[in-house]
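Q: got a predicted structure plus its sequence, pasted below:
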Amino acid sequence: MLSWIKKSIEWLSDIGNRDFCPWANRYVYWLKQPIGWFVVAMVASGLIGAFVASQGWVVCAAILVVMVMGTVWPWLAMRGLDAEIEFDRRRCHELDEVTVQLTVVNRWPWPVWGLLVQRGFFHATEQDHGEAATALARVGAWSKTYFEFTYRPNIRGVYPLEEPVLATGFPFGIWIATKGFSVAESLIVWPRCVPLKSLPAMAGDRLAAAGSFVDRAGHDGDVLAARPYVQGDSPRRIHWIHTARRDSLIVCDRQTASRRSVLIVLDRNAFKNHANEDQSACNWSLRAVATLCREFHRHSYDVTCELNGERIVVASSVVGLHRLFDRLAAFSPVTTSFEQRIEPPRTYGSDQLAIWVTSGVNWREVRTGLNGSWRRSGIRAMVLDSNSEHEAAEFESPQPWVCLDLADEPSRQLQQQWERRCHDDWAQ
């Protein structure tokens, strides 16, 4: 009985929300605006005044006055306003608080009320329940007014996403007048990163002046061993306690710095659709890429990131990492008219670690063609699956190195699975 009632409600809801005459939308959509119904009321009262009673003309005139004031006043108010917006910083991560300062100049000798800031700060998926806006207080006559408010961007990107506008419908709200304003400098919002503590074990013997330390004789890092003095050794490396015990010069061998290479590839075919589900998966894939790049960069790895088929070499400085994050903030999947072959990345050498970030659908397509050599070559797959029905254990062999279910806290899963995989790597 309950299921029948539920199906009946869904059926009635579907009928009530179905567009049976889409061809007529352009003729009737104006009725969704308040001024449309005022026009209908004015015409109706005019017809009553012409054919029924003369009092209809009074109502028609009153409605006409309200319409004129409700459209002219906002339009005139916008003509005397200028605005500029600026942010307190140039870059930030998702969910960071940013202070926004809006400067509004009013050139009219009367104040302006009912101002709104619309567009440019919210994605389409965030406006499902109406256009988001920020309301402003009164702007005085012949004044320059400053407004400050905090803004927390939820999704990476270059803000504002489109030209923001000032809008007002004062005094009656039957028609909204808008005017665009300038932005001093855009805000670049980077993908937020997940804190990681470990890195997988990998080979690397390319010596460098700066990098992670390896157990080879050098001049930096921790002490490896002690040995007899050889002509040319620095006196600073002499171990005086062992020297006194053996009555001969003993020096210490330290570690040396080496740079290891890692390639992080975002599958170009995985997140190219514009559906909301794919957009969410794409944003999480960029967060995973940003997390891995930052963690490897912190440990002085040679980091290369591939986006849309283009390989970007990240410089060893912090500026190099910031430039990569700028690319990730403005990233948009390239759509092609032909079907591209899905295949894992190719590494430059046997000691290069490659992490392939892809979707569950693409992983299921390519896993059948993979053999044991792809795992031994240093290529590891990080799969983001938006279908909660598929768990990591359900993937047939070979299984992905890391599998994230986007329906259940991907950041926590990334931390746990990454730490476990790194621990298993070092334990082998």
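A: On my side now, so go ahead.

Q: pick out the residue closest to the middle of this protein.
A: Nearest to the geometric centre of the chain sits residue 156, at 2.5 Å (CA atoms, centre = their mean).

Q: which ones are touching that one?
A: The contact partners of residue 156, by CB atoms under 8 Å, 6 or more residues apart in numbering, come to 94, 189, 190, 191, 192, 283, 286, 328, 329. Where you see a C-beta, it was placed from the backbone N, CA and C, and this is true even at glycine.

Q: same deal with residue 325?
A: So residue 325 contacts 91, 188, 190, 191, 290 (CB under 8 Å, 6+ apart).

Q: pull the longest helix from the protein.
A: helix 55-79 (DSSP state H).

Q: sorry, back to before: closest to residue 423 among the contacts of residue 325?
A: residue 290 (23.0 Å; CB to CB).

Q: helix or strand next in line after the helix or strand hosting residue 26, which one?
A: For residue 26, the host element (DSSP states H and E) is helix 25-28. Next along the chain after helix 25-28, taking DSSP H and E as the criterion, comes helix 34-51.

Q: what does that next one contact?
A: Under CB under 8 Å, 6+ apart, the answer for helix 34-51 is 30-31, 55-60, 63-64, 66-67, 70-71, 173-175.

Q: which residue ranges of the stretch 151-300 of the chain form strands?
A: 157-159, 165-168, 177-180, 182-183, 187-190, 206-228, 250-259, 261-266 (DSSP state E, counting those that start in this stretch).

Q: quick revisit: in ChimeraX, select just the buried ones from the contacts of residue 325.
A: Per 16 or more other CB atoms under 10 Å, the buried members of these correspond to this ChimeraX selection:
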select :91,188,190,191,290
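
Q: now, which of the contacts of residue 325 sits nearest residue 235?
A: Among those, and counting by CB to CB, the member closest to residue 235 is residue 290, at 46.3 Å.

Q: how close does that closest one sit to residue 59?
A: Separation of residue 290 from residue 59 (CB to CB, to the nearest Å) stands at 62 Å.

Q: all helices for the stretch 201-350 of the chain, in order.
A: 240-246, 276-298, 318-329 (DSSP state H, counting those that start in this stretch).

Q: deepest of these, which one?
A: Sort the helices of the stretch 201-350 of the chain by mean neighbour count, taking mean count of other CB atoms under 10 Å, and helix 276-298 sits at the top with a mean of 21.

Q: any weak-confidence spans in the stretch 251-400 of the chain?
A: 257-258, 273-277, 335-351, 367-378, 387-398 (pLDDT under 70).

Q: repeat that for 50
A: Within the stretch 251-400 of the chain, the stretches with pLDDT under 50 are 337-338, 388, 390, 392-393.

Q: distance from the centroid: which residue in the protein tops it?
A: Most distant from the centre of the chain: residue 247, at 64.6 Å, with distances by CA atoms, centre = their mean.

Q: next one, pLDDT for that one please.
A: Residue 247 carries a pLDDT score of 87 in this model.

Q: now do the same end-to-end measure for stretch 169-188.
A: Using CA to CA, to the nearest Å, the end-to-end distance of stretch 169-188 comes to 32 Å.

Q: report the buried residues of it.
A: Neighbour count says stretch 169-188 has 169, 172, 174, 175, 176, 177, 178, 179, 181, 183, 187, 188 buried, by 16+ other CB under 10 Å.

Q: pLDDT of that stretch, averaged?
A: 90.

Q: ok, stretch 17-24 next?
A: 75.

Q: quick check: closest non-adjacent residue to residue 159.
A: Leaving aside its chain neighbours, residue 159 sits nearest to residue 187 (4.4 Å; criterion: CB to CB, 6 or more residues apart in numbering).

Q: how close does the one you found get to residue 242?
A: Note on residue 187: its distance to residue 242, by CB to CB, is 59 Å.

Q: and if you look at residue 143?
A: 79 Å.

Q: is it true that residue 254 touches residue 227?
A: No - using CB atoms under 8 Å, residue 254 makes no contact with residue 227, being 11.6 Å away.

Q: my read: residue 111 touches residue 138, true?
A: Yes - if you go by CB under 8 Å, residue 111 and residue 138 touch, sitting 5.5 Å apart.

Q: circling back to that earlier point, for the buried residues of stretch 169-188, work out which two are farthest apart.
A: Maximum distance among those (CB to CB): 40.1 Å, for 172 and 188.
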